[in-house]
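A.B. asks: Quick one: sequence plus predicted model below, questions after.
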Amino acid sequence: MPAPADPPRHPALALPPRPKLRRGLWALPLLLSLVFVAGVLLWLRASEQADLEEQRLALVSDALSLETQASARIERETLLLKDVATRLDQRGAGAPAPALATLPEAQQGLHRFWISLTWIDAANRLVAQLPDGPDGARSGPGLSAHLSAPLASGGTLVARYSPGEMLRQTVPWWLARKYDVRLLDSFDAVIASTTEDRPIDGRQSWRISMAPALADGYLELVARDVVPRWYHGLPVAMVAGFVALIAAITGMLRRQMHGVSRAEAAWRTEAAWRQAMEDSLTVGLRARDLDGRLVYVNRTLADMVGYEPHELVGLLPPMPYWPADSHEEIMQRHLRNMAGQAPREGYEARWRHRDGRLFDVMVFEAPLVDARGVHIGWMGSILDMTERRRLEERERRQTETMAHHGRLTMLGEVASTLAHELNQPLTAIASYNAGVMNSMHKLPSPDPVVMRALTRLGEQAAHAGAIVQRIREFLTRREPRLEPCTLNAVIEGGVALLRRELQRQQVQVVLQLDAALPVIVADAVLIEQVVINLVRNAGDALAQRPGERRIVAGSSLSADGRFVRIDVRDNGPGLGGLGIEALCAPFFSTKVEGMGMGLAICRSIIEAHHGVFDATDAPDGGALFTLTLPVNLAASELSAEDAA
Ligand code: ADP
């Protein structure tokens, strides 16, 4: 099976190479086994040496003891022969030859041991011989040896005996079982042996001289048992088998360890990746066992609550980051979560940082399942809501400020309209007053009281007119502040400001912007206000609509390239046939809390840009508001301004 390739490693996550010693660890059992085997072999060898030495010592001691016994035996026979010689001598010099046979000692010797007894006179002539007849009749197989004893009368007694018989009689049975016992002459020729002649063949032997009992004779003991060589026999075969087995096991161990090493390397890489990912998460993670004990927290969570991960791991509720005053409530929630009833969409909680600061978190709980699919606890992801809350708060304030500005603008428009509407009656009052006063002057005696009253009336009317004029001047919208303006960005900005409001109303806004729109020169803030007003109106119109609520805001360039156009279309109830004039009439509103000034202001702004504002019912239902602005307005306006 091909070895699986190592997983790819990111250079930043490269692991330090493992020490050589650890990499070669698989060979350790083999080495130890070889040391053990060497020890066993040495022990076997030493044991063999000890056995050999023991056998040698026993051999030497047995040889000495046997030699002593054999020599003593020969000595005894020699003494007996000497006794025979002495008796012969006692019979006198002329003892006849048959006298030899009558000697009991001679008969005893022959009976026991001797093959023959020969009497030779001083001239070496045979005097008598026992037994009578040729020697060969009693000599038997094998070589023979002889003993001699001199006679005082001259001559010699010679007794022949069989060394083989001597050995048979002298060597005890237990020694004969242990050794081959041989008698050798000085030329290594075998004189007698307890066994058939066998080669020594590495057996231990010991040779000892038999002198003086047997001149030129040697006694040799050859051990029958051969001490087996240390490398022969079962132990060495077992050791060899053991080494082969260990070698095979080591091979398997090596493969296994390589596999484990690869798995470990892969695991360490994966762990490093996971650690890096966990550390880079902005979401806090915590794992708890089924008792609610924290078994893991990531760095983000630890930082969130101001503790070190090791300070948190192992803790049971109540946790140190629970606010002291709401332990009971949090404990209830904890028990609910442990029972697996945590809301799937998460829940909000308030935690306490180590420094005492409280902060809001969003917690999502999920079951923690091990590799065998057993539910072993809960994994929680925790989002710190502080930043989000801050942004929401800022957005809310911005919206409020915008609404406030909108109301102020509207109020200004109302006041401006009022001023415009009041101007005429005040002018009329002043004119009538002037006419009446002229008529009164023509009278011969005008009533001074009436005249004063009329003068006062005129003054008050003029004063009221001046006040109205001043208010009008003060509240009249500022003139457009013209500057290069990217309409698409203006539309996107306006829609973005209403994003939350529209989300709440569940209205979907689709932008269809012409990317090739030229940059025009306009007051971006005012145009944005128009867009906001139109989109907000469309949102209000859709509020009661069931089903899909959609607003499409688009931009386009006219065919001749001289005008840009913004459309705001909705799929609401439409305008019910009302035209732009009716809709833009001051204070026209169908809403309960509507002021009815929004569209009027929009038209004023567009017209101030020399554009056209229009509204119709869209062909497929809903309302369509359109504003068209000249592309080159700015050039003419600016050049006029520059010239001024
Ligand atoms: P307000 O919003 O305070 O009512 P506006 O001048 O902005 O004042 O709008 C005047 C009226 O025009 C609204 O009350 C509403 O009846 C009508 N209107 C404006 N936009 C739409 C629209 N998209 N669909 C239907 N009617 C609309």
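C.D. replies: That came through fine. Here the structure is a predicted model, which is why all the values come from computation and not from measurement.

A.B. asks: got the contact list for the single longest strand found in the chain?
C.D. replies: The strand that spans the most residues within the chain, counting by DSSP state E, is strand 358-369. Residues outside strand 358-369 that contact it (CB atoms under 8 Å, 6 or more residues apart in numbering) are 284, 287-288, 304, 323, 337, 340, 342, 345-353, 375-386, 389. From N, CA and C alone the C-beta is placed, and that goes for glycine too.

A.B. asks: Which of these fall in strands?
C.D. replies: Counting by DSSP E, the part of these found in strands is 284, 287-288, 347-352, 375-384.

A.B. asks: ok, which residues in the stretch 401-550 of the chain are in contact with the ligand?
C.D. replies: Applying CB under 6 Å from any ligand atom, we find that the stretch 401-550 of the chain lies next to the ligand at Asn533, Asn537, Ala538, Ala541.

A.B. asks: where exactly do the strands run in the stretch 151-300 of the chain?
C.D. replies: Taking DSSP state E, counting those that start in this stretch, the strands of the stretch 151-300 of the chain run over residues 156-161, 179-185, 190-193, 205-209, 217-223, 284-289, 294-297.

A.B. asks: Show me the shaky parts of the stretch 501-644 of the chain.
C.D. replies: Across the stretch 501-644 of the chain, the stretches falling below the confidence threshold (pLDDT under 70) are 633-644.

A.B. asks: try 50
C.D. replies: By pLDDT under 50, the weakly predicted segments of the stretch 501-644 of the chain are 634-636, 638-644.

A.B. asks: Let me see the ranges of the helices in it.
C.D. replies: Counting by DSSP state H, counting those that start in this stretch, one finds helices in the stretch 501-644 of the chain at the ranges 524-542, 580-584, 598-608, 633-643.

A.B. asks: before we move on, the earlier item: and the ligand, which of the ones in strands among the contacts of strand 358-369 reach it?
C.D. replies: With respect to the ligand, and counting by CB under 6 Å from any ligand atom, no part of the ones in strands among the contacts of strand 358-369 is in contact.

A.B. asks: out of those residues, which are buried?
C.D. replies: Members of the ones in strands among the contacts of strand 358-369 that pass the buried threshold by neighbour count (16 or more other CB atoms under 10 Å) are listed as 284, 287-288, 349, 351-352, 377-384.

A.B. asks: in stretch 308-317, what's buried?
C.D. replies: Leu312, Val313, Leu315, Pro317.

A.B. asks: Repeat that for stretch 218-233.
C.D. replies: Residues of stretch 218-233 classed as buried by neighbour count (16+ other CB under 10 Å): Tyr218, Leu219, Glu220, Leu221, Val222, Ala223, Val227, Trp230.

A.B. asks: What is the nearest of the residues you listed to the ligand?
C.D. replies: Closest to the ligand out of the buried residues of stretch 218-233 is Trp230 (111.6 Å), distances taken as CB to the nearest ligand atom.

A.B. asks: got a pLDDT number for that closest one?
C.D. replies: As summarised for this prediction, Trp230 has a pLDDT of 82.

A.B. asks: Pull the contacting residues for it.
C.D. replies: For Trp230, the contact set (CB under 8 Å, 6+ apart) comprises Leu41, Leu44, Arg45, Ser47, Glu48, Val236.

A.B. asks: Only the buried subset of those, as a ChimeraX command please.
C.D. replies: Command for ChimeraX, covering only those of the contacts of Trp230 found buried under the criterion 16+ other CB under 10 Å:
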select :44,48,236
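
A.B. asks: Pass me the low-pLDDT residue ranges in the chain, would you?
C.D. replies: Low-confidence segments of the chain, defined by pLDDT under 50, are located at 1-14, 135-139, 634-636, 638-644.

A.B. asks: which parts of it sit against the ligand?
C.D. replies: Proximity of the chain to the ligand is confined to 533, 537-538, 541, 570, 572, 575, 583, 588-591, 594-599, 623 under the rule CB under 6 Å from any ligand atom.

A.B. asks: So Arg354 versus Arg125, what's the distance?
C.D. replies: 138 Å (CB to CB, to the nearest Å).

A.B. asks: who's more crowded, those two?
C.D. replies: Between Arg354 and Arg125, counted using other CB atoms under 10 Å, the more crowded position is Arg354 (12 against 9).

A.B. asks: got the contact list for the residue nearest to that one when sequence neighbours are not counted?
C.D. replies: Counting by CB to CB, 6 or more residues apart in numbering, the nearest residue to Arg354 once its immediate chain neighbours are dropped is Gly306, at 3.1 Å. For Gly306, the contacting residues are Tyr321, His353, Arg354, Asp355, by CB under 8 Å, 6+ apart.

A.B. asks: mind redoing it with 7 Å?
C.D. replies: The neighbourhood of Gly306, defined by CB atoms under 7 Å, 6 or more residues apart in numbering, consists of His353, Arg354, Asp355.

A.B. asks: related to what we said a few turns ago, want to throw the buried residues of stretch 218-233 into TSV with distance to Ala453?
C.D. replies: Putting these into TSV (distance: CB to CB, whole Å) gives the following:
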residue	distance to Ala453
Tyr218	184
Leu219	183
Glu220	180
Leu221	177
Val222	175
Ala223	171
Val227	162
Trp230	154
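
A.B. asks: Count the neighbours of the residue of the stretch 301-450 of the chain found nearest the ligand for me.
C.D. replies: When CB to the nearest ligand atom is the measure, the stretch 301-450 of the chain has its nearest residue to the ligand at Met410, with 8.2 Å between them. Counted with other CB under 10 Å, the neighbours of Met410 add up to 16.

A.B. asks: and it, that one's in a helix?
C.D. replies: Yes. Note on Met410: a helix contains this position according to DSSP: H, G, I helix; E, B strand; the rest coil.

A.B. asks: thought it was touching Met597?
C.D. replies: Yes. At 4.8 Å, Met410 counts as touching Met597 under the criterion of CB atoms under 7 Å.

A.B. asks: Of the buried residues of stretch 308-317, just say which sits nearest to Val552.
C.D. replies: Top of the list for closeness to Val552, among these and by CB to CB, is Leu312 at 51.8 Å.

A.B. asks: Not counting residues beside it along the chain, what's closest to the closest one?
C.D. replies: Residue nearest to Leu312 in three dimensions, not counting chain neighbours: Val297, with 4.9 Å by CB to CB, 6+ apart.

A.B. asks: shouldn't the one you found be in contact with Leu315?
C.D. replies: No. Val297 is beyond contact range of Leu315, at 9.6 Å (criterion: CB under 7 Å).

A.B. asks: Common neighbours of those two, please.
C.D. replies: Contact criterion CB under 7 Å, 6+ apart; residues shared by Val297 and Leu315: none found.

A.B. asks: quick one: contacts of stretch 527-542?
C.D. replies: Judged by CB under 7 Å, 6+ apart, the contacts made with stretch 527-542 from elsewhere in the structure are 485, 490-491, 493-495, 497-498, 501-502, 505, 507, 549, 551, 553, 566, 568, 570, 572-573, 591, 598, 602, 605-606, 623, 625, 627.

A.B. asks: Spell out for me the ChimeraX command that would select the buried members of those residues.
C.D. replies: The command below creates a ChimeraX selection of those among the contacts of stretch 527-542 that count as buried (16+ other CB under 10 Å):
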select :485,490,491,493,494,495,497,498,502,505,507,549,551,553,566,568,570,572,598,602,605,606,623,625,627
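
A.B. asks: Do I have it right that Ala615 meets Ala582?
C.D. replies: No. Using CB under 7 Å, Ala615 and Ala582 do not qualify as a contacting pair, with a distance of 9.4 Å.

A.B. asks: So the two - more neighbours on which side?
C.D. replies: When Ala615 and Ala582 are compared on other CB under 10 Å, the one with more neighbours turns out to be Ala615, at 23 against 13.

A.B. asks: For that one, list each beta-bridge partner.
C.D. replies: Note on Ala615: beta-bridge partners by DSSP bridges are Phe625.

A.B. asks: OK, now which residue of the stretch 151-300 of the chain is nearest to the ligand?
C.D. replies: Using CB to the nearest ligand atom, Thr282 is the residue of the stretch 151-300 of the chain that sits closest to the ligand, at 40.9 Å.
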